[in-house]
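Enquirer: coordinates only, sequence not included:
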Ligand SMILES: NC(=O)c1ccc[n+]([C@@H]2O[C@H](COP(=O)([O-])OP(=O)(O)OC[C@H]3O[C@@H](n4cnc5c(N)ncnc54)[C@H](OP(=O)(O)O)[C@@H]3O)[C@@H](O)[C@H]2O)c1
């Protein structure tokens, strides 16, 4: 299940489109531009509302459709309630990072997720036919993402999980994790993403790679 060896990192300079310019969108944009990537941020209200972010982060801004078209890889960083409004055609065939988490008190009840009949990422995949989705950046607070990164090889280096069905997308995500200062732990297919959803033992808890492996393997569905 857990793949410790085959998801290697890849550090090519990329164009990264980001849908959502809140805590997640801004943190990923800041770290990605710092790592040399080109970023386009978007939100629901239009690029004119991101005017001051552009010089602050050194990124481009655009509509969600423009950011999806711009990205070699696209980060979905919106509330679950917004996933029905994403630019489906522009995301078809693209590597996509799913950072979305399910908070019923914010997002309303979603029966399939409440009954654990699916995972949040598979639920998102149902809205984005053809997108090559990897679940990543979900199980860390964005304040920590900006501060907890360490150089490769540091014994205290924190590891972050990912899950997905497309090996190439996972390799790209592992490269971003590494560039941001984190090890990668591959939890398996998209259907295994429940292992690091909200309420699971590793959710937003700093862990080394070995600790994360133990937490993911020991996770039990239904546990909160
Ligand atoms: N905050 C964290 O530490 C953290 C960590 C991991 C994962 N997450 C998850 O990541 C997602 C985003 O969290 P957040 O904290 O960044 O939320 P947030 O601060 O509330 O930001 C949400 C962003 O999504 C944008 N948005 C809404 N609908 C959109 C649409 N249709 N197209 C493009 N952009 C749209 C909003 O733009 P407008 O303001 O213009 O509507 C806003 O910029 C959530 O699912 C959250 O659970 C959060």
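Expert: Now that the structure is in, tell me what you want to look at. The model shown is predicted, which means the values in this text are computed figures rather than measured ones.
Enquirer: if I pick the spatially closest residue to residue 222 that is not a sequence neighbour, what's in contact with it?
Expert: Leaving aside its chain neighbours, residue 222 sits nearest to residue 116 (6.6 Å; criterion: C-beta to C-beta, 6 or more residues apart in numbering). To be clear about C-beta, it is placed using only N, CA and C from the backbone, and glycine gets the same treatment. Residues in contact with residue 116 (C-beta atoms under 8 Å, 6 or more residues apart in numbering) are 194, 221, 222.
Enquirer: ok, how many other residues are close to the last one?
Expert: The tally of other residues near residue 222 (other C-beta atoms under 10 Å) stands at 7.
Enquirer: hey, which helix or strand in the chain has the poorest pLDDT?
Expert: One helix or strand of the chain scores below all others by mean pLDDT, DSSP states H and E: helix 53-57, with a mean of 94.
Enquirer: now render the contacts of residue 116 as JSON lines, adding pLDDT and secondary structure.
Expert: Output for those, formatted as JSON lines (pLDDT from 0 to 100; DSSP: H, G, I helix; E, B strand; the rest coil):
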{"residue": "194", "pLDDT": "98", "secondary structure": "helix"}
{"residue": "221", "pLDDT": "90", "secondary structure": "coil"}
{"residue": "222", "pLDDT": "79", "secondary structure": "coil"}
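Enquirer: and the ligand, is the longest helix anywhere in the chain touching that?
Expert: For the chain, the helix with the greatest residue count under DSSP state H is helix 167-180. No - judged by C-beta under 6 Å from any ligand atom, helix 167-180 stays clear of the ligand, getting no closer than 13.4 Å.
Enquirer: residue numbering should commence at 55 henceforth.
Expert: Yes, from this point I'll number from 55; that puts the last item at helix 221-234.
Enquirer: list the helices and strands that helix packs on?
Expert: Contact partners of helix 221-234 among helices and strands, from 3 or more C-beta pairs under 8 Å, 6 or more residues apart in numbering; DSSP states H and E: helix 77-88, strand 127-130, strand 149-152, strand 186-189, strand 213-218, strand 237-240.
Enquirer: in space, what's closest to the residue in the chain positioned nearest to the ligand - neighbours in sequence excluded?
Expert: Across the chain, no residue is closer to the ligand than residue 76, which sits at 1.9 Å (C-beta to the nearest ligand atom). With C-beta to C-beta, 6+ apart as the criterion, residue 76 has its nearest non-adjacent residue at 6.8 Å, and that residue is residue 131.
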